[in-house]
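Chemist: next comes the sequence, and after it the predicted model I'd like to discuss.
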Amino acid sequence: MANNQKQNIDYDKIAEMASFKALTKKKNSFLWTMTVIFLAAYMLLPVLTSYTQILHQKAVGDITWVWFYAAGLFIMTWGLAHLYVSKANSYDKDAKAIIDEYERGASK
């Protein structure tokens, strides 16, 4: 299809495609998993520091484990961001394949 031609896209038809539903389910599953991991790790810090003495123990010299845990949260955030970007790129490829599938079916 030429770039200068306007195509009417039936978004409802795309939303009903099995491949789109599978992509949406896969993407939502990944995003909810990432959200739970992120929130659990972050919410665990105030719980462990307020209600236990686990992170108040000295790890190296006068540095306690809470510093290592907090630094680990930064590393985890960067890691999750990197993972999200790589997964988003694969989802973009899947979305392109769905658009191609729709265009092949819409042209019939």
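Modeler: Great, that's in hand.

Chemist: contacts only, for the spatially most central residue of the chain.
Modeler: The residue lying closest to the centre of the chain (CA atoms, centre = their mean) is L31, at 4.0 Å. Residues near L31 by CB atoms under 8 Å, 6 or more residues apart in numbering: none. (C-beta placed from N, C-alpha, C; glycine too.)

Chemist: give the buried residues for the host helix or strand of it.
Modeler: In this structure, L31 sits in helix 18-51 according to DSSP states H and E. If you call a residue buried by 16 or more other CB atoms under 10 Å, then helix 18-51 has these buried ones: 20, 23, 27, 30, 48-49.

Chemist: next secondary structure element downstream of that helix?
Modeler: Later in the chain than helix 18-51, the nearest helix or strand by DSSP H and E is strand 58-60.

Chemist: each with direction, which strands does that next one pair with?
Modeler: Using DSSP bridges, strand 58-60 pairs in its sheet with strand 63-64 (antiparallel).

Chemist: what's in contact with the strand it pairs with?
Modeler: 55-58.

Chemist: compare the residues you listed and tell me which has the most neighbours.
Modeler: Among those, L55 has the most neighbours (other CB atoms under 10 Å), with 17 neighbours.

Chemist: much appreciated, bye for now.
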